[in-house]
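Participant: next one to model:
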Amino acid sequence: MKIGLLGQFGSGNTGNDGSLEAMLDFLRASKQEATLLCVCSNPAAVTERYKVDAISIGGVKLEGNWSNRLNRLLADFPRRLGSLYAVISGLRGVSVLIIPGTGILDDFQETAFGWPFVVFRWCLAARLQNARIAFVSIGAGPIENPLSRWFLKSAARMAQYRSYRDDFSLEYMKGIGLDVTPDLRYPDIAFRLPLPASVPAKDTARTTVGVGVMDYHGWKKANADNAEGERIHNNYIAKLTQYICWLIDEGHNARLLTGDLRDGRAVKQLMKSISSTRPDIPMERIAVGHGGSLHELMSEIAQTDIVVVSRYHNVVCALKSGRPTISLSYNLKNDYLLSQFRQAHYCQHIETFDVEKLKQQTNQVLGNMDAVKQEIAGVNRSLQEKLAEQEAVLLHRVIAG
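Facilitator: The predicted model follows:
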């Protein structure tokens, strides 16, 4: 038996890679006599890190002036047709194609012919070869571009198994016309990852607040290079600067957390903004985390008392680690996750958050730490039971077929 795993893996996003790792751990622990194949953004990185065969999501590249001219005249169809052939060849022998976790059914920072088309194309190739398709604990929506919406809804419709990591995702897919009657809801599979066996000692003299920093320029991909995206980003950095300076003035330490390689640019901007805005701030009380994986991120979080984060899997890791969490989200997925942990009142939006309200929320959490931790611990236990339930369903309905 051959099982394919499709996703944006190896691209520097720790949440995506953590989702892949969680699924690989499950498949290997279940002792299935199966060959595993990862279809991803960076096959070399994935093979090196996870010891699994991997191929690229990319298609064929047309060579020669004549081929390129013909391709342009025919609206790129020759290349796309060739790509589909390459995709079908890549899935030869695959019995099951699994899309493990991640928010792959949205178009955040994507164009229609980016990941929405990639997912559609690989699912179509799987169906053409009678492979079973499973979307497992997927995040969905919003999908703002109509063509992206068609690609992703069509891909999801081809699947024999679909589960969503929250009610928002399930209701969103229902709202765009997908029949979700047979669909299920299970927690994000990254909750399956183990906590670090050992972590560095935490500073007990001061409270440490983990602050997630994101290279955020708005929802649309075009915003990354235009004035609107720059305005959104600069406003976000300015407000984080105010907040961190306040934390230091209040006697707390700050630890900066990231979730993607690109976030390093925002961290540098933030540190520069803090030092230029407040030259008197003792910068040694602001630590910069280097979480290159969800395991490393959880080790960083273990050195904090509470966290304020934006990326979804930063929220997952904080809650998994039992840390009180405040979300500055760019999508309702964070709000739904925190509400599941009875913490919905600790949410704001990354583009509109109010610094004064964030200060109040921080003080509320710090004044109610024991009760908040107790609530989080109770939900964590139930999530593990749900994940085990889904694994049994996957073995019976998807893998055994």
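
Participant: shaky segments in the chain?
Facilitator: Scanning the chain for pLDDT under 70 picks out 59-83, 224.

Participant: helices along that one, start to end?
Facilitator: Applying DSSP state H to the chain gives helices spanning 14-29, 43-50, 65-73, 77-90, 115-128, 146-157, 167-175, 227-249, 263-277, 294-301, 312-320, 332-340, 355-366, 369-393.

Participant: who are the contact partners of Glu230?
Facilitator: Taking C-beta atoms under 8 Å, 6 or more residues apart in numbering, we find Glu230 in contact with His217. All C-beta atoms are positioned from the backbone trio N, CA, C, and that covers glycine.

Participant: and Thr102, by the same measure?
Facilitator: Gly7, Gln8, Gly15, Asn16, Ser19, Ile138, Gly139.

Participant: tell me how the protein divides into domains.
Facilitator: 2-57+91-193+382-399, 208-367 (automatic domain parsing).

Participant: circling back to that earlier point, among the contacts of Thr102, who's most crowded?
Facilitator: Using other C-beta atoms under 10 Å as the neighbour test, the contacts of Thr102 are led by Ser19, with 34 neighbours.

Participant: hmm, Gly101 and it touching each other?
Facilitator: Yes. Ser19 lies in contact with Gly101 (C-beta atoms under 8 Å); the separation is 3.2 Å.

Participant: give me the common contacts of these two.
Facilitator: Common neighbours of Ser19 and Gly101 (C-beta under 8 Å, 6+ apart) are Gly7, Asp188, Ile189, Ala190.

Participant: so which of the helices of the chain is the most packed in?
Facilitator: Among those, helix 312-320 has the highest mean neighbour count (mean count of other C-beta atoms under 10 Å), at a mean of 28.

Participant: mind exporting that one as CSV, just the C-alpha atoms?
Facilitator: Output of helix 312-320 as CSV, limited to C-alpha atoms (Å, rounded to 0.1, in the frame of the first residue of the first chain):
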residue,chain,number,x,y,z
TYR,A,312,-2.9,29.6,14.5
HIS,A,313,-0.3,27.0,15.5
ASN,A,314,1.2,29.4,17.9
VAL,A,315,-2.2,29.4,19.6
VAL,A,316,-2.3,25.6,19.4
CYS,A,317,1.2,25.2,21.0
ALA,A,318,0.4,27.7,23.7
LEU,A,319,-2.8,25.9,24.7
LYS,A,320,-1.2,22.5,24.4
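
Participant: list the helices and strands that helix packs on?
Facilitator: Judged by 3 or more C-beta pairs under 8 Å, 6 or more residues apart in numbering; DSSP states H and E, helix 312-320 is in contact with helix 14-29, helix 294-301, strand 306-309, strand 325-329, helix 332-340, helix 369-393.
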